[in-house]
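> sequence unavailable; structure follows:
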């Protein structure tokens, strides 16, 4: 369960970035209360030879994977569970979807990501959506701008598309993805003028009486447990990539998890 949003940055929207344009990705992660807390993001060496680079991501200790990662080349990958209604029957020996991003983050661009994704044994994964954000460099030095792509696996077909426009929002819920589509028009309303402040307001939003469907979600057995933010900006010869990670309701979540364990 997740909410992911992407906006373009400019010098007026992000003055703390010292005049550099780029993009910003925010991810709310929703999880069961009995799931152990994630490990904070850290930089890791990925790839080999010509593809050797660094990437940063948090770790889900239960599955050993992640739901968001950013490479030092400003490639950002986000994974959302896909929850069709009804959910197709799933085999018992599935691999955690969190393993997908670490296998792909060393790719140089979205085309390589999609090619590598197609080569995975997709039948071993439950349905998912992979969001790919990359600099819009097109063979030249990156001066700003982004391209956003989505791959969707439903256990029958892998569908890919390019998202048009300067901002985008993606949502999912274990209650059924159709039940939280209202988050998308809320994003359009709150982030009509895309700034870091308006994007953060969206990711902190809760509907009174509909907390279980909200962006900042809570219900008896699950809630939003963290907010991860990635900012990528052009600077001289290489991008500057920053990731911040904020646990949500950590004290209560730890207490509930301890009582269940």
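It's in. These numbers come from a predicted model, not from an experiment.
> C-alpha only now, for contacts and for neighbours.
Will do.
> in stretch 74-81, which residues are buried?
Neighbour-count burial for stretch 74-81, counted by 16 or more other Cα atoms under 10 Å, picks out 74, 75, 76, 77, 78, 79, 80, 81.
> same check, this time on stretch 161-177
Using 16+ other Cα under 10 Å as the test for burial, stretch 161-177 gives 163, 167, 168, 169, 170, 171, 172, 173, 174, 176, 177.
> give me the contact list for it.
Contacts of stretch 161-177 with the rest of the structure, by Cα atoms under 8 Å, 6 or more residues apart in numbering, involve 1-8, 80-85, 146-151, 179-181, 183-184, 187, 194.
> what about it, start to end distance?
Distance across stretch 161-177, first residue to last, is 19 Å (Cα to Cα, to the nearest Å).
> one more: stretch 209-227?
Terminal-residue distance, stretch 209-227 (Cα to Cα): 22 Å.
> which residues in the protein form strands?
For the chain, the strands defined by DSSP state E cover 2-9, 22-32, 39-46, 53-59, 68-71, 76-81, 128-135, 146-153, 158-163, 167-172, 218-219, 222-235, 238-247.
> could these go into CSV alongside distance to residue 102 and mean pLDDT?
Output for the strands of the chain, formatted as CSV (distance: least, Cα to Cα, whole Å; pLDDT from 0 to 100):
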stretch, distance to residue 102, mean pLDDT
strand 2-9, 18, 96
strand 22-32, 17, 96
strand 39-46, 8, 97
strand 53-59, 9, 97
strand 68-71, 8, 98
strand 76-81, 9, 98
strand 128-135, 12, 97
strand 146-153, 16, 97
strand 158-163, 19, 96
strand 167-172, 20, 97
strand 218-219, 28, 94
strand 222-235, 16, 95
strand 238-247, 16, 94
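> if I look at residue 221, how far off is residue 33?
As judged by Cα to Cα, residue 221 and residue 33 stand 6 Å apart.
> which of those two has more residues huddled nearby?
When neighbours are counted by other Cα atoms under 10 Å, residue 33 comes out ahead of the other of residue 221 and residue 33, with 23 against 10.
> isn't that one up against residue 218?
No: contact between residue 33 and residue 218 fails when scored by Cα atoms under 8 Å: they sit 10.0 Å apart.
> drop anything exposed from the contacts of stretch 161-177.
If you count burial by 16+ other Cα under 10 Å, the buried members of those come out as 1-8, 80-84, 146-151, 180, 183-184, 187, 194.
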